[in-house]
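[1] From the sequence below, what's the structure:
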Amino acid sequence: MLCFFSIFCAQVTAQEKLPTLQFELVQFAKSAEPRLNERRVRAQFSVFCLEVKTALAGKVKAKDRASAFVRYFFNDQKFRESSELADPENLYVDKVLARRQGYCLSLSLILLSVAERLKLPVFLVATPQHVFLRWQEDGQTINIETTLEGAFKPDAFYLERGISKESIRAGVYFKNLARNEILGHLWNNDGFVKWCAGDLDGAEGSFKRAILLHPKLAEAYVNRGVVAGERGYLDVAKDMFGKAARWLPQDATLHLNRAALALKENQTRKAARALRALKKIGASAVAARVTEATLRRGNRWQALQQSVLSRTEVLARKGKLARGLSATYFNDLAMKAAVHKRVDRRINFEWRWSPPFRDMNRNAFAVQWDGFFKIPEAGKYGFYLVFEQGTRLSIDGLVVLDFPNGKKDKLAQVILNLNAGIHEIKAEYWARKLPNGIILEIKRTEARKPLGPQFLLHQR
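    Model prediction:
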């Protein structure tokens, strides 16, 4: 399921007849909370407009004006980014204003609403699984990244997200979005919130609205396909995934869902192809967070696990598995300069101010552990990481924890429903500064002790 991104209004041809974006955001939020205090929201936007106008006074150059604009929201008003895409409080405008917290879409639309009222040259632009703002003035284009406190980013920052040239030419991505297209993104995110809450009827309705408003919104086709698959409408799911694949050839979540659909239809070759594509392209940070929500939805996770367990069962039967994880130590952060390989019995290292080996850098190295872990009994299992610097954890080929640049509290966990058998695991660690260390424990949620090192395996 993709995380992407009002009340449905008829398309109009005259721009002046469109209601303001602020009005649309309020009506959209009222669809979820009819008792919303409109007056408070309007008053807040009026304050924003007055203060932004003051902040821009006397500034002539486009870059100076754009800088003052984003400084107001992220320095003065202290808006911040949240990665919790399933949380409705990070989507609906009244909640985002109250907490000063949202994600790319909700934050961008608050800034865009103010820009619209002040007639500033700001537009919303989409890339796969993401949106950002574009300031265009005096022949200059400035990209504003709202998830990075309004940082200015070059086009290359976004083009690296796997945007195909065909999708750009067709106007799917990297263009200034029209009003109906913006509302399509809103309804798509609304559907994701409802899907995570288990409301399939509401989710399907929102995804359909998103497609009506924005017929080229590839993420909405994927999401509608997911709901159709869960309800057993496999032909509809296949059709939706096929339409999305043209614009999202590198999307990890799409490949996951196509694999699950193929397994449901007993088409193992198609499933294997989709899973190989998934493994090849990896998952972006956003896809990883969405995948975590996806894993908690039974059917797809069960199908994916079964494909892995069938393969590892063959390896075990042929005696190709031994204790410990295969560890590769790199003398760089890009994981290209491998200097040591060995088998580690477990991931439990407190290097602190020393490198793992004497011939390695102290604060610019990386480690990757690959292998398997044996689950003796089906149930809920927790994966607990204590770490300095950056880390990523993948289970059965999917990223479930992703903190490549570190995390403030240095502790991360995820709970997964696992079948009994031998599962794949990959853990990565990046040491950017001192001190360094990482500990991983796997424990059944109701158990007192974690799994011992005898449950960790590697391929001979």
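
[2] Residue 415 reaches residue 380, doesn't it?
    Yes. Between residue 415 and residue 380 there is a contact under CB atoms under 8 Å: 5.6 Å. Every C-beta, even on glycine, is put in place using the N, C-alpha and C of the backbone.

[3] higher neighbour count, the two?
    Each of residue 415 and residue 380 has its neighbours counted (other CB atoms under 10 Å); residue 415 has more, 15 against 11.

[4] thinking again about what came up before, so what sits against both of residue 415 and residue 380?
    Common contact partners of residue 415 and residue 380 (CB atoms under 8 Å, 6 or more residues apart in numbering): residue 445.

[5] in this protein, what secondary structure element scores lowest on mean pLDDT?
    Averaged element by element with mean pLDDT, DSSP states H and E, the chain has its least confident helix or strand at helix 285-295 (a mean of 48).

[6] Do you have the strands of the stretch 151-300 of the chain handy? List them.
    Secondary structure of the stretch 151-300 of the chain, counting by DSSP state E, counting those that start in this stretch: strands at 151-153.

[7] Can you pull out the low-pLDDT segments for the stretch 151-300 of the chain?
    Residue ranges of the stretch 151-300 of the chain with pLDDT under 70: 252, 263-264, 266, 268-300.

[8] distance of residue 242 from residue 233?
    14 Å (CB to CB, to the nearest Å).

[9] quick one: buried residues of stretch 66-78?
    Neighbour-count burial for stretch 66-78, counted by 16 or more other CB atoms under 10 Å, picks out 66-70, 72-74, 77.

[10] Likewise for stretch 172-186?
    By neighbour count on 16+ other CB under 10 Å, the buried set for stretch 172-186 is 172-174, 177-186.

[11] out of these, who's nearest residue 114?
    Residue 114 lies nearest to residue 182 out of the buried residues of stretch 172-186, by CB to CB, at 14.7 Å.

[12] Contacts only, for that closest one.
    Contacts of residue 182 were listed using CB under 8 Å, 6+ apart, and they are 21, 109, 112, 124.

[13] Identify the farthest-apart pair in those.
    Greatest spacing in the contacts of residue 182, by CB to CB: 21 and 124 (9.3 Å).

[14] what is in contact with these two at once?
    In the contact map built from CB under 8 Å, 6+ apart, the residues linked to both residue 21 and residue 124 are 109, 112, 182.

[15] In helices, which of the residues you listed fall?
    109, 112, 182 (DSSP state H).

[16] picking that back up, residue 21 and residue 124: which is more packed in?
    Between residue 21 and residue 124, counted using other CB under 10 Å, the more crowded position is residue 124 (24 against 21).

[17] Please name the residues that touch the nearest residue to that one once chain neighbours are set aside.
    Leaving aside its sequence neighbours, residue 124 sits nearest to residue 177 (CB to CB, 6 or more residues apart in numbering; 4.7 Å). If you count contacts by CB under 8 Å, 6+ apart, residue 177 has them with 123-126, 131, 185.

[18] Tell me which helix or strand residue 319 sits in.
    Counting by DSSP states H and E, no helix or strand carries residue 319.

[19] What's the separation between it and residue 64?
    Per CB to CB, residue 319 is found 68 Å from residue 64.

[20] swap in residue 188?
    When residue 188 is compared with residue 64 (using CB to CB), they lie 35 Å apart.

[21] and the two? which has more neighbours close in?
    Per other CB under 10 Å, whichever of residue 188 and residue 64 has more neighbours is residue 188, with 28 against 12.

[22] For that one, which non-adjacent residue is closest in space?
    residue 210 is the one closest to residue 188 (CB to CB, 6+ apart), at 3.9 Å.

[23] my read: the one you found touches residue 220, true?
    Yes. Assessed by CB under 8 Å, residue 210 is found in contact with residue 220 at 4.0 Å.

[24] any shared contact partners between those two?
    Taking CB under 8 Å, 6+ apart as the criterion, residue 210 and residue 220 both touch 184, 187-188, 191.

[25] Export those residues as a markdown table, with columns for distance to residue 261.
    Below are those laid out as a markdown table (distance: CB to CB, whole Å):
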| residue | distance to residue 261 |
| --- | --- |
| 184 | 24 |
| 187 | 24 |
| 188 | 20 |
| 191 | 19 |
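
[26] Going by distance to residue 309, which of those wins?
    For the shared contacts of residue 210 and residue 220, the closest approach to residue 309 (CB to CB) belongs to residue 191, at 31.6 Å.

[27] Let me see the contact set for the residue nearest to the closest one when sequence neighbours are not counted.
    Leaving aside its sequence neighbours, residue 191 sits nearest to residue 206 (CB to CB, 6+ apart; 3.3 Å). By CB under 8 Å, 6+ apart, the contact list for residue 206 reads 187-188, 190-191, 194.

[28] switch to 6 Å and redo it
    By CB atoms under 6 Å, 6 or more residues apart in numbering, the contact set of residue 206 is 187, 190-191.

[29] any chance of the residues you listed in JSON lines, with distance to residue 457 and neighbour count too?
    Listed next are these as JSON lines, based on distance: CB to CB, whole Å; neighbours: other CB atoms under 10 Å:
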{"residue": "187", "distance to residue 457": "46", "neighbour count": "27"}
{"residue": "190", "distance to residue 457": "43", "neighbour count": "26"}
{"residue": "191", "distance to residue 457": "40", "neighbour count": "31"}
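
[30] Against residue 331, how distant is the closest residue to residue 459 other than its chain neighbours?
    Leaving aside its chain neighbours, residue 459 sits nearest to residue 320 (5.6 Å; criterion: CB to CB, 6+ apart). Residue 320 sits 30 Å away from residue 331, going by CB to CB.
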